[in-house]
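Task: produce atomic coordinates for the following.
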Amino acid sequence: MPNPKASLSAKLGLVLGGLVLGLFLAEGVGRFIAPNQAADLLFNASDASPMNLYVIDKETRVTTAPNLSTSIQSLDYTVDIRTNAVGLRGPAIEDIPKDTPHWIALGDSFTMSVQVNESETFAGQLSTLNGVQVWNA
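Residues are numbered from 1 along each chain as shown. As a prediction, the model looks like this:
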């Protein structure tokens, strides 16, 4: 008469072995098949960032390049990026009237928003409110 515990152990071992083998195969395939570079639409890898967008800085380690004017092209869009003399995305500081209130939007890649035009960033959207200038930092 077959032992029910041994039969259950054998079935459980086969299931676990199949899962482990499947995970190893998926890992191996994932390591050998590199994704298309252009498919990285959100620039989440450092080698997919726009060239010359960032420069090394002694105090902050990395900062946005000043006086940059470039175009970023991906599968779905083409966006023009410009920075001013202090490295903020947007117009030159001297182009904004002195009596205009100034705000600053500090943040990360979501604030920079290189996937959309300058006017479509949240800093750009806020700049359209009541004549306020919001600097995108």
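
Enumerate the positions of the helix or strand hosting L12 that are buried.
Using DSSP states H and E, L12 maps to helix 4-32. Buried positions in helix 4-32, judged by neighbour count with 16 or more other Cβ atoms under 10 Å: none. For the C-beta atoms, the positions are set from N, CA and C on the backbone; glycine is no exception.

before we move on, what about stretch 105-120?
105, 112-115, 118.

nearest to K58, of these?
Closest approach to K58 among these (Cβ to Cβ): M112, at 21.3 Å.

can you map out the strands along this protein?
Along the chain, counting by DSSP state E, strands occupy 54-57, 61-64, 69-73, 78-82, 102-105, 133-136.

possible to save those as JSON lines with mean pLDDT and distance to Q125?
Formatted as JSON lines, these follow (pLDDT from 0 to 100; distance: least, Cβ to Cβ, whole Å):
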{"stretch": "strand 54-57", "mean pLDDT": "88", "distance to Q125": "24"}
{"stretch": "strand 61-64", "mean pLDDT": "88", "distance to Q125": "20"}
{"stretch": "strand 69-73", "mean pLDDT": "86", "distance to Q125": "20"}
{"stretch": "strand 78-82", "mean pLDDT": "90", "distance to Q125": "16"}
{"stretch": "strand 102-105", "mean pLDDT": "92", "distance to Q125": "10"}
{"stretch": "strand 133-136", "mean pLDDT": "92", "distance to Q125": "8"}
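
Could you check the ones you listed and tell me which one is nearest G18?
Among the strands of the chain, strand 69-73 comes nearest to G18, with 44.1 Å by Cβ to Cβ.
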